[in-house]
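Peer 1: let me see the structure of the following:
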Amino acid sequence: MTALDAEELEERLRDARRALLSRPLLLAGDPVFGTVRAHAERLRSEFQRELGYELVVRAGHARLRKRSHELRTDRPARIARSGHPDTWQPFTRRHYVLFALALAACERARAQTTIGLLAEEVRSLAAEDGIALDLERLEDRRCLADVFQFLSGLGVLVAIAGHADGWVRTGSEEDETLFDVMHSPLDDLIVAPRVVGAREARDLVYGGVYPGGEEGDALRRSHRVSRRLVEDPVLYLAELSDADRAHYLKVRGSRDTGLAAWLGLEAERRREGTALIDGSAEPLTDVRFPAARPWTRQVTLLLAEAICGRVRGGQSRMTLSDLVADCSALHARWGDALCGEEPEEMAARAVEILAAMRLVRVTGSEVVPLPAIARLNYVDMTEAQQRLDDELTFALEDL
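Peer 2: This next block holds a predicted model:
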């Protein structure tokens, strides 16, 4: 293999790693699936070594079984609509309940079924658990259709005839969609934790199963820190436990650089922590920020600037009411050209994005800016140049 061949292979493998992290249930039609299958053993070993993730590769799909270091509420499943996925409305509690029931219904279903039969099976399962589901109600049909659409996006359901919209509107058998139920990816989608070897309950949700002793503890700690680097927008040293922080500081340089190269990212290190920055055309993120569209991203950028201004003025924490006032000022300046929402909605949506990107922390009605928000700080270049000129003048006078 020539150096050029090796470089091309590494680029393809990087694309495969990024795709698996973005789409943990990867279907055969995905452009990188051929690379994943051809290099399954290598990728399986890499993901286990770097992150403690298990990679399963089948003939028609690949499944990366992730482990979270914490339960997150800011990465919801979303209702498929037009536009970019990060603009879709999140699942409601009702959606999640029906999603769990729909998975069970798909497990029982034959290889081919209709939306009506699948919905009836979900209704039957709901009744067994005392959950009200009336297929005569438009709202219940719409909610269930959202869940089926989500399963279609995962590749568990494949519509081969008809469209769910007709069934949602009428509930009639004449408007039913015909689905292929893909049981192989469904079986890998539902992953039960391994109970044998777990030392405590949280291992079943977060950490996975590791060997006992110091070696197992060190490996668990390494994976926990690496997952934060890869899965979170920012890793803050202050948020690590004492043991995790001590471990990370020993390996910080090699760990940051190694993970960045492995995924085609760039490590940006600061005193407070590290962020792996992605400048590629297809970013490794489920939330685009900064971005020019939609309006929520513009408002978020402008509000971040206002928050930085408050910090410069000595305000280390602020209330949601403060930020609503900032949004009122933004709306007064830009009007409906910025957005047509009320300041309360503007502030709520912007704070939601800032919190998801680990730029602020929200506790009740209090908002605390986190160090990385300084990256969005507006700098007046004229003032900055004047300060630099003044500093140079003072330096020359000392010669």
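
Peer 1: near the closest residue to Ser280 other than its chain neighbours, how many other residues are there?
Peer 2: Counting by CB to CB, 6 or more residues apart in numbering, Ser280 lies nearest to Gly264, which is 6.3 Å off, once chain neighbours are set aside. C-beta: built from backbone N, CA, C; applies to glycine. Residues within reach of Gly264, counting by other CB atoms under 10 Å, total 17.

Peer 1: end-to-end on stretch 129-137?
Peer 2: Using CA to CA, to the nearest Å, the gap from the first to the last residue of stretch 129-137 comes to 19 Å.

Peer 1: what do you get for stretch 163-174?
Peer 2: The first residue of stretch 163-174 is 11 Å away from its last residue (CA to CA).

Peer 1: what pLDDT, on average, does that stretch get?
Peer 2: For stretch 163-174, the mean pLDDT works out to 81.

Peer 1: for it, buried residues please.
Peer 2: Across stretch 163-174, burial judged by 16 or more other CB atoms under 10 Å covers 164, 167-168, 171.

Peer 1: what about that stretch, distance to the chain center?
Peer 2: In terms of CA atoms, centre = their mean, to the nearest Å, the centre of stretch 163-174 is found 32 Å from the chain centre.

Peer 1: try stretch 282-292
Peer 2: Centre-to-centre, stretch 282-292 and its host chain are 10 Å apart (CA atoms, centre = their mean).

Peer 1: check stretch 243-259 too.
Peer 2: How far stretch 243-259 lies from its chain's middle: 23 Å, per CA atoms, centre = their mean.

Peer 1: got a list of contacts for it?
Peer 2: 50, 218, 221-222, 224-226, 229-230, 237, 240, 265, 267, 269, 274, 276 (CB atoms under 8 Å, 6 or more residues apart in numbering).

Peer 1: ok, these vs Val147, which is closest?
Peer 2: Distance to Val147 across those (CB to CB) is lowest for Val230, with 28.9 Å.

Peer 1: same question for the helix or strand hosting the closest one: list its buried residues.
Peer 2: For Val230, the host element (DSSP states H and E) is helix 213-231. Using 16+ other CB under 10 Å as the test for burial, helix 213-231 gives 220-231.

Peer 1: and it, what does it pack against?
Peer 2: The elements that helix 213-231 packs onto, with contact taken as 3 or more CB pairs under 8 Å, 6 or more residues apart in numbering; DSSP states H and E, are helix 40-51, strand 235-236, helix 242-263, strand 273-277.

Peer 1: out of those, which one sits most buried?
Peer 2: Highest mean neighbour count of the helices and strands packed on helix 213-231: strand 235-236, a mean of 22 (counted as mean count of other CB atoms under 10 Å).

Peer 1: that one - what's its average pLDDT?
Peer 2: For strand 235-236, mean pLDDT rounds to 96.

Peer 1: re earlier: could you double-check that the residue nearest to Ser280 lies in contact with Arg18?
Peer 2: Yes. Using CB atoms under 8 Å, Gly264 makes contact with Arg18 at a distance of 6.8 Å.

Peer 1: good, wrapping up.
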